[in-house]
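J.: build the 3D model from these lines:
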Amino acid sequence: MSKKGKVLVAMSGGIDSTVTALMLHNEGYQVIGITMKTWDYSSTNTTGKETGCCNIDSFNDARMAAVNNGFPHYILDIREEFGNHVINNFVEEYMAGRTPNPCVMCNTHIKWRALLKRANALDCEFIATGHYAQIHQHTNNRFFLRKGLDETKDQSYVLWGLDQELMSRTIMPLGKYRKSEIRQMAFDMGYPELSKKAESYEICFVPDNDYRGFLKRNVANLEETVANGWFTDTKGKRLGKHKGYPFYTVGQRKGLEIALGKPAYVAAIHPDTNTVVLGNETDLEKSTMLVKGINLQKYDSIPDGLESVTKIRYKDKGALSRLSMEDNNIKVQFYEPVKSIAPGQSAVFYEDDDVIGGGIIQYGII
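T.: Now for the predicted structure:
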């Protein structure tokens, strides 16, 4: 029996999860590797090279790393759970005129719960992942995420939904390292090819990055249903026809296929009337937004006026704001207006590098 304990490691076959498993194995943990099958690439009906985590090469890479280092490895089929929640939510959000973040939904509702369930069945004290974030425990005994040391790789934004039970059982060893150091570790561990392996940034079930094509394939008669909607200006004046409201996102400029003689941006989407509102860049600026579906990490409640840096998208640098509770939602008042607040995206609140909590953007207010 390992003195460090027994840990179930999520292994995608990529560099980060492989180094995580080998690092913990070398540190004396009793490691069990598990690869989760969330999606069939073949079912996307796309062409091109198979990429991402849900392909046979990735499964084999994960299995061989486990075999070569003497610890067990399993493949877990969670396609039904994944499809029922993540993909259905993805489609429903776009059909409601919002812009979803499926990685947040997957981490929050599927992957961690699936891992914890199997960890309990295998008598593992811990679960581990290759995310670039850190887990700490506050003096109030609550667990919370802290940004990864490598800010260019930090993944705390997509993990805001993890609750106290999940974080109390999770190990994220890569949060204290830079990506360049992990590549060197992979090389030193005897995996030179893995150290050079390219990363995949696509949504696993949209490997060609064409979410519009995915919606067309998965919503019956979508194009016919949403065709002939109108672009309008911010005062309601019709500007021309569009291809259907689900095919646009707030802040979008390219691909509108309408000539107005000046730059135009999607300022709002109204699914009930199949209307897409276009405006100029200043029309995207909002000073206030409402966030629902709140999960608090560092504190069990927040006082009105708590100052935070709020991120409204993954690569956002964040903006200084004040938070206040309204029922079970959080109202965010920005010190300066921010652009392109997209309903459906995640808002994550930071205190320095610590995650206060997060939620789903409901709407922005001028």
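J.: gap between the two ends of stretch 131-144?
T.: Using Cα to Cα, to the nearest Å, the end-to-end distance of stretch 131-144 comes to 14 Å.
J.: can you pull the buried residues of it?
T.: If you call a residue buried by 16 or more other Cβ atoms under 10 Å, then stretch 131-144 has these buried ones: 131, 132, 133, 134, 135, 136, 142, 143, 144. No exception for glycine: its C-beta is placed from N, CA and C like everyone else's.
J.: export those to a markdown table and tack on distance to residue 358, pLDDT and secondary structure?
T.: Below are those laid out as a markdown table (distance: Cβ to Cβ, whole Å; pLDDT from 0 to 100; DSSP: H, G, I helix; E, B strand; the rest coil):
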| residue | distance to residue 358 | pLDDT | secondary structure |
| --- | --- | --- | --- |
| 131 | 15 | 96 | coil |
| 132 | 17 | 97 | coil |
| 133 | 13 | 98 | strand |
| 134 | 16 | 98 | strand |
| 135 | 15 | 98 | strand |
| 136 | 16 | 97 | strand |
| 142 | 15 | 98 | coil |
| 143 | 15 | 98 | strand |
| 144 | 11 | 98 | strand |
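J.: burial check on residue 150, number of neighbours?
T.: For residue 150, the neighbour count with other Cβ atoms under 10 Å is 18.
J.: can you tell me the closest non-neighbouring residue to it?
T.: In space, and not counting its chain neighbours, residue 150 is closest to residue 178: 4.2 Å by Cβ to Cβ, 6 or more residues apart in numbering.
J.: again with residue 25
T.: Nearest one to residue 25, counting by Cβ to Cβ, 6+ apart, is residue 31 at 4.5 Å.
J.: next, the contact list for that neighbour, please.
T.: Residue 31 sits next to 7, 9, 21, 24, 25, 66, 69, 71 when contact means Cβ atoms under 8 Å, 6 or more residues apart in numbering.
J.: make it 10 Å
T.: By Cβ atoms under 10 Å, 6 or more residues apart in numbering, residue 31 lies in contact with 2, 4, 6-9, 11, 20-25, 66, 69-73, 124, 128.
J.: please identify the pairing partners of the helix or strand hosting it and their relative orientation?
T.: Under the criterion of DSSP states H and E, residue 31 resides in strand 30-37. Strand 30-37 pairs in its sheet with strand 6-10 (parallel), strand 73-77 (parallel), by DSSP bridges.
J.: buried residues in the helix or strand that comes right after the first one?
T.: Same thing as strand 6-10. Per DSSP H and E, strand 6-10 leads on to helix 15-27 as the next helix or strand towards the C-terminus. Buried residues in helix 15-27, defined by neighbour count with 16+ other Cβ under 10 Å: 15, 16, 17, 18, 19, 20, 21, 22, 23, 24, 25.
J.: between those, which sits nearest residue 308?
T.: The nearest member of the buried residues of helix 15-27 to residue 308, counting by Cβ to Cβ, is residue 16 at 28.0 Å.
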